[in-house]
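A.B. asks: Structure for the following, please:
(4 chains)
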2 protein chains.
Amino acid sequence: MASDSPKRLTIYDLARLAESSPSTVSAVLNGTWQRRRISKKLATRILSLAQSEGYSANMQARALRRERSGIIGMILPMYDNRYFSSIAQYFESEARRRGLFAIVSCTNRDPIQEREATRMMLAYRVEHLVCTGATDPDSIAMMCQESGISSLNLDLPGDKAPSVISANRAGARRLTLAILDRLSVEQRRDDPVLFIGGRGQDHNTRERIAGFKQARAERGLETAQEDILPCDYAADKAQAALRAYMQNRSGLPGAMFINSTISLEGIVRWLQLSGYCLDDIIFGCFDWDPLAAAFHPRLMMARQNVVEMIERVFELIDTPPPDPTLLIEVQPEIIGI
Amino acid sequence: MASDSPKRLTIYDLARLAESSPSTVSAVLNGTWQRRRISKKLATRILSLAQSEGYSANMQARALRRERSGIIGMILPMYDNRYFSSIAQYFESEARRRGLFAIVSCTNRDPIQEREATRMMLAYRVEHLVCTGATDPDSIAMMCQESGISSLNLDLPGDKAPSVISANRAGARRLTLAILDRLSVEQRRDDPVLFIGGRGQDHNTRERIAGFKQARAERGLETAQEDILPCDYAADKAQAALRAYMQNRSGLPGAMFINSTISLEGIVRWLQLSGYCLDDIIFGCFDWDPLAAAFHPRLMMARQNVVEMIERVFELIDTPPPDPTLLIEVQPEIIGI
DNA sequence: GCACTAAGCACAATCGGTTGTGCACTAAAG
DNA sequence: CTTTAGTGCACAACCGATTGTGCTTAGTGC
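C.D. replies: Numbers count the residues shown, from 1 in each chain, chains lettered A, B, ... in the order given. Down below sits the predicted model:
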C-alpha cells in the first residue's frame, strides 16, 4: 500500500497529464496564469487535475528557485511554562496567518545551543529569526546580520536588533505596590519582602529588581541586599535558596516577589513541606499560570501580554524600524489584586 | 553593515576562491572527499576557506538534490501543559541527536487544522511525521501514505499507522485504586467518586473510564453513569460540569478522578470559589504538573512517561514494524501515593 | 619506450520548481 | 492581401547543491 508511490507528483507529471508544459502548470498553480495569458479553459483543466491527483508543490524546489523559503524561525528557552508556550503558540498562528511556516527550536537557556539552533535556522534559510529569551542575543543578531537575515529579540533585549519586551521595571513596580498595599491592609506594612528567582545578570531580572526597589522607596521602605535572591530560573534552585534564606531568620517574610512561575514552584513546595500555610504569606509572581491561580486565588501575578508582544514583533518584521536598537516595552497586566 | 551581503556564499563561490570546482568543494564539505580521491591538501584548503568565509550549505538545494529534507515533523494539540510541552521538547532534542531538524505544529485539537498542518509538513517533504493527540489520526496517516511518508501516532492511537500511547486503562486503574485506598484509610470507602474531564469519543478517555470502572469493580463498587463526566478538555467546561453536577447533590463526592491538568484547573477553581477546602476531597489527576503538586502535595497524579514514549517513537522510525497497526503502551507512573 | 594502473580532479546531469523571452497563430485594421 | 496587435502557450535558463562518469597526469612494470 505504501509501495505504490515511488515518486511524488511534479509539475512535469501534471504537464504530461494535461498535455501542457511545466511552465504553464507552474503559472496556473501560482495564480499568475492570467498575467501569462493562459486560457481559462486550460487553467481549469490543470487545476482540477492537480486537485484530483493530490499534487503538492515541493517547497524545497520552490524555495531554491524563489530564494525565499517561506519559513520564519524562533528560538525559545523552553516550552514548559505558560509564558513561553503561549509565545510559541501565538507566534505559530500569526506566522500561519501571514503565509509563513513557523519553526521553533528550544535552546534551554544555553548560549551554545542558541547558536547551534541559529545556524540550523540560517541553513534552512529562514526569512526572519525571532530570538526569544536568549542569553546571548547579540551574537545571534550578528550571525543573522552576516547572512543578511533580519532578526528580532523578544522577551530579553539586545543591542544589535530591535527588541520587544515586557515593561519589566514598571510591571515589577506595580506588582510590588500591590504587594505592599496588601501588607498595609493586613497591618504588616514593615514586614520584610523577599525578591526571589531569575538571573542576576539578565536584563529582565535586573529591571524587575529595580522596579521592586523603586516601589519600596516610594513607600519609604529600604531594601536590604539579603532580601534579593536571584537564584536562577529553576524550582530546585528557588527551593534551596529559600531554605538557606530561612536558616538565618526566625519567621517568614511578610511577602514575596517571585520572579517566574518556575521559581514559584520551588517556593510553594518548600513552604508546604515545611508546614507553612500559604495564606500566611503574600505572594506576587512575575508571570502568570492559571493553574497556580486556581490553587491560590490570593496569588497576585504579572501576566505578560503575549498577544500584543507577538503583534509588535510582526509589525517590526513588516516594517523594519530605521533604528536597529529600537526597544518596545509592552505592559504586563497585574492579576489578582 | 547588513548591506554587504547581497548573496550568501555558495559552493561555486568557494570553488572560485579555492581555484577548484563545485563538485570538489561539495565532496570536501560532505566528507566524501577521500572516496573521490581529493588530495588532503586541497581538502584542507577548502575546509579552512569554508570556515573563514562562514559558509553554510543551502538546505533547500541539498534537500532537492538528495530527495531528503532532513526534517521530521510533529503535529501537536497545544503546548500549554506539561505533558505536551515535554513531548515537544524531548522530541526536538532526540531529533537533533539523530541529525534531523524537528518541526512542530500546533493544531488545537481541530481536525481541519490537523490536516492543514499535515499538508504543510508534506509540502516541506518531512521524512517522517509524528502525529500527537490527533483527533483524526487515520486521515492524517492516509495523507502520509499517499505521499509515501512514514507516520506514527503518539498519545492517541490510530488504525493506519503504528501507535505509541500511555497504558491508559492500566494507569487509570492504578490511579483509581490509589484513590480508593485513600478513601478506605479515611473510612469513606463507599463515598461516590466522580470521573471528570476528557472527551467521551476519544480513545484515551474511554480507556481511562474503563480502567476507572474496573478498579471500582475490583473493590466491589458499582459506578453510576452520572458520576462519569467527560466534559471535554477545557478548564471552563470542567468548572461548568462540576457546578451542574453539584446542583443535584447535597455534598462533595469523596474523591475525583480528573482527566487532564486542564480539567484540574477548572475543578480547583470552582472548589476554591465555592469555599471548599481542597483537603476535603481526594484527587487523582491523569496527567502531571509539578506546580500543582507543589500547591497540593496530597494530589495523586498519573505521570505519563514521555521520555520512554519518545524513545519508542524513534525506535519505530528506525525499524518500521511489519504490522502497521502495532500499538505500544507505555506505563505511566503514579505519583503522590 | 610503451602499456597499464591509479591518483586527482572537473564536467555535466539532475532534483522540481519559477520566470524572462519569444514563437505561432488569429483577428482586426489598412 | 499585408501589416499590426493581441492571444496562448512553450522553451530554456536558473536557484545551489549532489553524484556518476571521464579526462588528465604521474608512477609502475616489463
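A.B. asks: From A:Ala50, how far off is A:Ala15?
C.D. replies: According to Cβ to Cβ, to the nearest Å, A:Ala15 stands 11 Å off from A:Ala50. All C-beta atoms are positioned from the backbone trio N, CA, C, and that covers glycine.
A.B. asks: can you tell me the residue of chain A closest to DNA strand C?
C.D. replies: DNA strand C sits closest to A:Ser23 of chain A, with a gap of 2.6 Å, by Cβ to the nearest atom of the strand.
A.B. asks: Can you report how many residues neighbour that residue?
C.D. replies: Other residues near A:Ser23 come to 12 when the count uses other Cβ atoms under 10 Å in any protein chain shown.
A.B. asks: With A:Lys41 instead?
C.D. replies: Using other Cβ under 10 Å: A:Lys41 sits among 8 other residues.
A.B. asks: Surely it is in a helix?
C.D. replies: Yes: under DSSP: H, G, I helix; E, B strand; the rest coil, A:Lys41 sits within a helix.
A.B. asks: next one: phi and psi at the residue of chain A closest to DNA strand C?
C.D. replies: Here is the backbone geometry of A:Ser23 (degrees, to the nearest 10): phi -60, psi -40.
A.B. asks: what separates it from A:Leu17, distance-wise?
C.D. replies: For A:Ser23, the distance to A:Leu17 - Cβ to Cβ - is 15 Å.
A.B. asks: could you pull out the strands for the stretch 101-250 of chain A?
C.D. replies: With strands called from DSSP state E, counting those that start in this stretch, the stretch 101-250 of chain A shows them at A:101-106, A:128-132, A:150-154, A:163-166, A:193-196, A:198-199, A:228-229, A:231-232.
A.B. asks: who wins for proximity to B:Leu64 among these?
C.D. replies: strand A:101-106 (16.7 Å; Cβ to Cβ).
A.B. asks: Direction included, what does that closest one pair against?
C.D. replies: strand A:71-76 (parallel) (DSSP bridges).
A.B. asks: Could I get the strands of the stretch 101-250 of chain A in a markdown table, plus columns for distance to B:Leu129 and mean neighbour count?
C.D. replies: Formatted as a markdown table, the strands of the stretch 101-250 of chain A follow (distance: least, Cβ to Cβ, whole Å; neighbours: other Cβ atoms under 10 Å in any protein chain shown):
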| stretch | distance to B:Leu129 | mean neighbour count |
| --- | --- | --- |
| strand A:101-106 | 14 | 25 |
| strand A:128-132 | 25 | 26 |
| strand A:150-154 | 28 | 26 |
| strand A:163-166 | 32 | 25 |
| strand A:193-196 | 43 | 24 |
| strand A:198-199 | 37 | 22 |
| strand A:228-229 | 45 | 19 |
| strand A:231-232 | 37 | 21 |
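A.B. asks: Output those in a markdown table; the columns should cover distance to DNA strand C and mean pLDDT.
C.D. replies: Formatted as a markdown table, the strands of the stretch 101-250 of chain A follow (distance: least, Cβ to the nearest atom of the strand, whole Å; pLDDT from 0 to 100):
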| stretch | distance to DNA strand C | mean pLDDT |
| --- | --- | --- |
| strand A:101-106 | 14 | 97 |
| strand A:128-132 | 19 | 98 |
| strand A:150-154 | 20 | 97 |
| strand A:163-166 | 31 | 98 |
| strand A:193-196 | 54 | 97 |
| strand A:198-199 | 45 | 96 |
| strand A:228-229 | 55 | 96 |
| strand A:231-232 | 47 | 95 |
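A.B. asks: Can you lay out these as CSV showing distance to B:Thr107?
C.D. replies: Converted to CSV, the strands of the stretch 101-250 of chain A look like this (distance: least, Cβ to Cβ, whole Å):
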stretch, distance to B:Thr107
strand A:101-106, 13
strand A:128-132, 21
strand A:150-154, 23
strand A:163-166, 26
strand A:193-196, 37
strand A:198-199, 33
strand A:228-229, 41
strand A:231-232, 34
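A.B. asks: As a markdown table, these with distance to DNA strand D would be great.
C.D. replies: Supplementary listing: the strands of the stretch 101-250 of chain A in a markdown table, determined by distance: least, Cβ to the nearest atom of the strand, whole Å:
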| stretch | distance to DNA strand D |
| --- | --- |
| strand A:101-106 | 19 |
| strand A:128-132 | 18 |
| strand A:150-154 | 18 |
| strand A:163-166 | 30 |
| strand A:193-196 | 48 |
| strand A:198-199 | 38 |
| strand A:228-229 | 49 |
| strand A:231-232 | 40 |
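A.B. asks: which ones are touching the residue nearest to A:Ser147 when sequence neighbours are not counted?
C.D. replies: Of all residues not flanking A:Ser147 in the chain, A:Leu122 sits nearest, at 5.0 Å (Cβ to Cβ, 6 or more residues apart in numbering or on different chains). By Cβ atoms under 8 Å, 6 or more residues apart in numbering or on different chains, A:Leu122 lies in contact with A:Leu129, A:Met143, A:Cys144, A:Ser147, A:Ile149, B:Ser56.
A.B. asks: can you pull out the helices in chain A?
C.D. replies: With DSSP state H as the criterion, chain A has helices at A:11-18, A:22-30, A:40-53, A:59-66, A:82-97, A:111-123, A:137-146, A:168-185, A:203-218, A:235-247, A:261-273, A:290-295, A:306-318.
A.B. asks: Show me what the third one is packed against.
C.D. replies: In this structure, helix A:40-53 packs against helix A:11-18, helix A:22-30, with contacts taken as 3 or more Cβ pairs under 8 Å, 6 or more residues apart in numbering or on different chains; DSSP states H and E.
A.B. asks: Dump those helices into CSV; add mean pLDDT as well.
C.D. replies: Conversion of the helices and strands packed on helix A:40-53 to CSV gives the following (pLDDT from 0 to 100):
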stretch, mean pLDDT
helix A:11-18, 96
helix A:22-30, 96
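A.B. asks: For B:Asp289, find the nearest of these.
C.D. replies: helix A:22-30 (46.2 Å).
A.B. asks: do that closest one and DNA strand D meet?
C.D. replies: Yes: interface with DNA strand D: helix A:22-30 contributes A:Pro22, A:Ser23, A:Thr24 (Cβ under 7 Å from any atom of the strand).
A.B. asks: Quick check: of the contacts of A:Leu122, which lies closest to A:Gly171?
C.D. replies: Set against A:Gly171, the nearest of the contacts of A:Leu122 by Cβ to Cβ is A:Leu129 (26.2 Å).
A.B. asks: got a list of what the closest one touches?
C.D. replies: Per Cβ under 8 Å, 6+ apart, neighbours of A:Leu129: A:72-75, A:118, A:121-122, A:140, A:144, A:149-152.
A.B. asks: again, only using 6 Å
C.D. replies: Contact analysis of A:Leu129 by Cβ atoms under 6 Å, 6 or more residues apart in numbering or on different chains lists A:Gly73, A:Met121, A:Cys144, A:Ile149, A:Ser151.
A.B. asks: Are any of the residues you listed buried, and if so which?
C.D. replies: Neighbour-count burial (16 or more other Cβ atoms under 10 Å in any protein chain shown) applied to those gives A:Gly73, A:Met121, A:Cys144, A:Ile149, A:Ser151.
A.B. asks: Check the gap between the fourth one and A:Ile317 for me.
C.D. replies: Yep, that's A:Ile149 we're talking about. Distance of A:Ile149 to A:Ile317, given as Cβ to Cβ: 11 Å.
A.B. asks: With the second one instead?
C.D. replies: Spatial separation of A:Met121 from A:Ile317 under the definition Cβ to Cβ is 15 Å.
A.B. asks: same thing with the first one?
C.D. replies: Noted for A:Gly73: a distance of 12 Å to A:Ile317, by Cβ to Cβ.
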